[in-house]
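1. Sharing a sequence plus its predicted fold:
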Amino acid sequence: MKYDCIVIGGGVVGAAVLDRLAAYNLKVLLLEKEDDVASFTTRANSGIVHAGYDCEPGTLKARFNVRGNELIWRDARELNVPHLKCGSIVVARKEQLEKLRELQDRAVVNGVETRILDRDQTLKIEPNVADEIEYSLYAPSAGIVSPYQLAIAYADRAILKGGEILLEAEVKAVSRKNGTYFVETSKGVFESAIVVNCAGAYGARVNDMAGAEHFETVYRRGDYFVLDNTERKNVNTVIFPLPTAAGKGILVAPTADGNVIYGPTAVDSANPDDTATTPDSLDVLRKNVPLSYKRPAFNKCIRVYGGLRTLIGHDFVVGESKVLDNFFMAIGICSPGLTSAPAIAEYIEALIVERTKATVKQSGIVAPPRRKRLAEISEDELDALIAKDSAWGRIVCRCEKVTEAEIVEAIYSPLPATTVDAVKRRTRAGMGRCQGGFCGPKVMEIIARELGIPLDQVRKGGGATIARYAVKEVE
């Protein structure tokens, strides 16, 4: 099948690029090797919207972070994605004040508003900073967003605009002949005039397949604790330590969905699939969180998880290949990649539109339709919904208050949720205190019923099934 443009990779950057390009009279396709978008690096992102004070001036990171901070709040509002501009602080002891001033100087060059606060001023924003903290650098434009819901919303909107997404289509080879790219996948070969490589941890590998620039890649795993939503009342903003060469450090932050996270660590790895947490790495969190935050509550942990950052040198790789025509790259997108995603997509869009002279479609689509969650609606609204659809009256996930109607809606969304994890990312069913212990079987039953498949064919995500066989027969 022939396309004008193929995007490889369904993380938040790839989804944002597809969303941008789908607004034009172009036939566009996104290829993703997993069974859902946002199911690898984006899934494990901390969800921080960075202000941009930390990036080295003049880099792509600085450029796209600052512009992305402007765009991401607009996109989150338009797409009804959970978000909160709560600000961030970088905390410092008395002897670290000069380092904080250096960070503020960098913020000035990058055009980012910051203020240095003394301890009393800091406590008014964040009462639970550690007793040793004397100063902080406050950035009011920072905040939090749901990373996977943002990527899913970009994907849904792109489909409504006419873009296409093919899941479980791992790219095996990329070749070019007579100006046309041939992208060989596990689901067939697709032709395109333009390719955009947004393949995340596999970005350098896709470049090598195509014969574009070769990049050495470093993988860095980050482990996190997720705390029960009862801890949300104790954290008002994103709390950072001073950044180091390994990254922005181990933070304490609320999430857009009401939890609190501690992390990430920074463990170098040679494995692009390395997301398994380790006891040693989690111990690093236990030792470091109390240095900035005086109320660590590891006993309220409901989950630990690991994510992977992909580094190519010290900056992003964004733009057209100097080796191949019409081969565009957005790879090596580590922190602040989530914040930068809409700005990177805007930049790639401009390059491709200039190249193709594509015209904008006459479409009024701004956002996919989204019903409010049960937790967000009044009793009168709920009564009206139940009158139309009784599934609104059946709570499946008690921890997160998710109804059967919301799960069914996710299954029939523009990019259908066909696995337990895909449903979880869209509805939060299974993300609460019991981590799916109670609602998991019911979610599986709903997926099986709606897709018309046996229960033992319902997948968790990543290709893994859950049910193997019946332990007893039920009449």
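-> Here it is on my side, so go on. Numbering: from 1, shown residues only.

2. For the rest of this, base every contact and every neighbour count on C-alpha atoms.
-> Noted.

3. so where's the stretch 251-400 of the chain shaky on pLDDT?
-> By pLDDT under 70, the stretch 251-400 of the chain has no low-scoring segment.

4. now do 80
-> Scanning the stretch 251-400 of the chain for pLDDT under 80 picks out 363-372.

5. Helices along that one, start to end?
-> 279-292, 337-356, 379-388 (DSSP state H, counting those that start in this stretch).

6. Give me the buried positions along the second one.
-> Going back to what we said before, that points to helix 337-356. Within helix 337-356, the residues scored as buried using 16 or more other Cα atoms under 10 Å are 337-349, 351-352.

7. hang on, the earlier thing: adding distance to Gly11, write the helices of the stretch 251-400 of the chain out as CSV.
-> Converted to CSV, these look like this (distance: least, Cα to Cα, whole Å):
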stretch, distance to Gly11
helix 279-292, 25
helix 337-356, 10
helix 379-388, 33
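
8. Those helices: which one's closest to Tyr202?
-> Among the helices of the stretch 251-400 of the chain, helix 337-356 comes nearest to Tyr202, with 15.5 Å by Cα to Cα.

9. helices or strands up against that closest one?
-> Contacts defined by 3 or more Cα pairs under 8 Å, 6 or more residues apart in numbering; DSSP states H and E place helix 337-356 against helix 12-21, strand 48-49, helix 60-78.

10. angle of the last one against helix 12-21?
-> Counting by axes from the mean of the first three to the mean of the last three Cα atoms, to 10 degrees, helix 60-78 points 70 degrees away from the direction of helix 12-21.

11. picking up where we left off before, okay if I get the helices and strands packed on helix 337-356 as TSV plus distance to Ile239 and mean neighbour count?
-> Shown next, in TSV, are those (distance: least, Cα to Cα, whole Å; neighbours: other Cα atoms under 10 Å):
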stretch	distance to Ile239	mean neighbour count
helix 12-21	24	29
strand 48-49	11	29
helix 60-78	18	21
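
12. for stretch 120-135, what is the average pLDDT?
-> The average pLDDT within stretch 120-135 is 98.

13. chain center to it: distance?
-> Relative to its chain's centre, stretch 120-135 lies at 29 Å (Cα atoms, centre = their mean, to the nearest Å).

14. List the buried residues of that stretch.
-> Across stretch 120-135, burial judged by 16+ other Cα under 10 Å covers Thr122, Leu123, Ile125, Glu126, Pro127, Asn128, Val129, Ala130, Ile133, Glu134, Tyr135.

15. One more: stretch 259-273?
-> Buried residues in stretch 259-273, counted by 16+ other Cα under 10 Å: Asn259, Val260, Ile261, Tyr262, Gly263, Pro264, Thr265, Ala266, Asp268, Ser269, Pro272.

16. Pull that stretch out as PDB, backbone CA atoms only.
-> Once non-C-alpha atoms are left out, stretch 259-273 reads as follows in PDB (Å, rounded to 0.1, in the frame of the first residue of the first chain):
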ATOM      1  CA  ASN A 259      -1.000   9.600  42.700                       C
ATOM      2  CA  VAL A 260       2.600  10.500  43.800                       C
ATOM      3  CA  ILE A 261       5.800   9.200  42.300                       C
ATOM      4  CA  TYR A 262       9.400   9.000  43.500                       C
ATOM      5  CA  GLY A 263      12.100   8.600  40.900                       C
ATOM      6  CA  PRO A 264      13.700   8.000  38.500                       C
ATOM      7  CA  THR A 265      17.100   6.400  39.000                       C
ATOM      8  CA  ALA A 266      19.700   6.500  36.200                       C
ATOM      9  CA  VAL A 267      21.000   3.000  35.500                       C
ATOM     10  CA  ASP A 268      23.000   2.700  32.300                       C
ATOM     11  CA  SER A 269      22.100  -0.400  30.200                       C
ATOM     12  CA  ALA A 270      23.000  -2.000  26.900                       C
ATOM     13  CA  ASN A 271      19.600  -3.500  26.500                       C
ATOM     14  CA  PRO A 272      16.900  -1.400  24.700                       C
ATOM     15  CA  ASP A 273      14.200  -3.500  26.400                       C
END
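
17. Quick one: residues in contact with it.
-> Contacts to stretch 259-273, defined as Cα atoms under 8 Å, 6 or more residues apart in numbering, come from residues 46, 201-202, 218-232, 235, 246-247, 249-255, 281-282, 284-285, 289, 308.

18. do the same with stretch 280-295
-> Under Cα under 8 Å, 6+ apart, the answer for stretch 280-295 is 91, 128-133, 223-225, 234, 239-241, 250-252, 262-265, 267, 296, 298.

19. about what we covered before: among the buried residues of stretch 120-135, name the ones in strands.
-> When the buried residues of stretch 120-135 are checked against strands (DSSP state E), the matches are Tyr135.

20. Neighbours of Pro147, how many?
-> Pro147 has 29 neighbours, counted by other Cα atoms under 10 Å.

21. swap in Gly58?
-> 10.

22. helix/strand/coil for it?
-> Under the three-state scheme (DSSP: H, G, I helix; E, B strand; the rest coil), Gly58 adopts coil.

23. Could I get the pLDDT score of it?
-> 97.

24. swap in Lys472?
-> What the model reports as pLDDT for Lys472 is 65.

25. hmm, back to that, select, out of the helices of the stretch 251-400 of the chain, the one closest to Tyr412.
-> The closest of the helices of the stretch 251-400 of the chain to Tyr412 is helix 379-388. By Cα to Cα, the value is 17.6 Å.

26. list the helices and strands that closest one packs on?
-> Secondary elements touching helix 379-388 (3+ Cα pairs under 8 Å, 6+ apart): none.

27. what about that helix, distance to the chain center?
-> With Cα atoms, centre = their mean, you get 32 Å for helix 379-388.

28. what's the helix or strand for Cys5?
-> Assessed by DSSP states H and E, Cys5 sits inside strand 2-8.

29. Neighbouring strands of that strand in the sheet, and parallel or not?
-> Sheet partners assigned to strand 2-8 using DSSP bridges are listed as strand 28-31 (parallel), strand 188-197 (parallel).

30. That strand versus helix 337-356: what angle between them?
-> Using the same axes, to 10 degrees: strand 2-8 against helix 337-356 is 160 degrees.

31. pLDDT (mean, whole number) over strand 2-8?
-> Mean predicted confidence for strand 2-8 is 98.

32. chain center to it, what's the gap?
-> A distance of 23 Å separates the centroid of the chain from that of strand 2-8, by Cα atoms, centre = their mean.

33. Show me the contact partners of it.
-> With Cα under 8 Å, 6+ apart as the criterion, strand 2-8 contacts 14, 17-18, 26-32, 171, 190-199.

34. Ile446 - that's part of a strand, no?
-> No - counting by three-state DSSP, Ile446 is not found in a strand; it is helix.

35. For Gly440, see how far away it is.
-> To Gly440, Ile446 is 10 Å away according to Cα to Cα, to the nearest Å.
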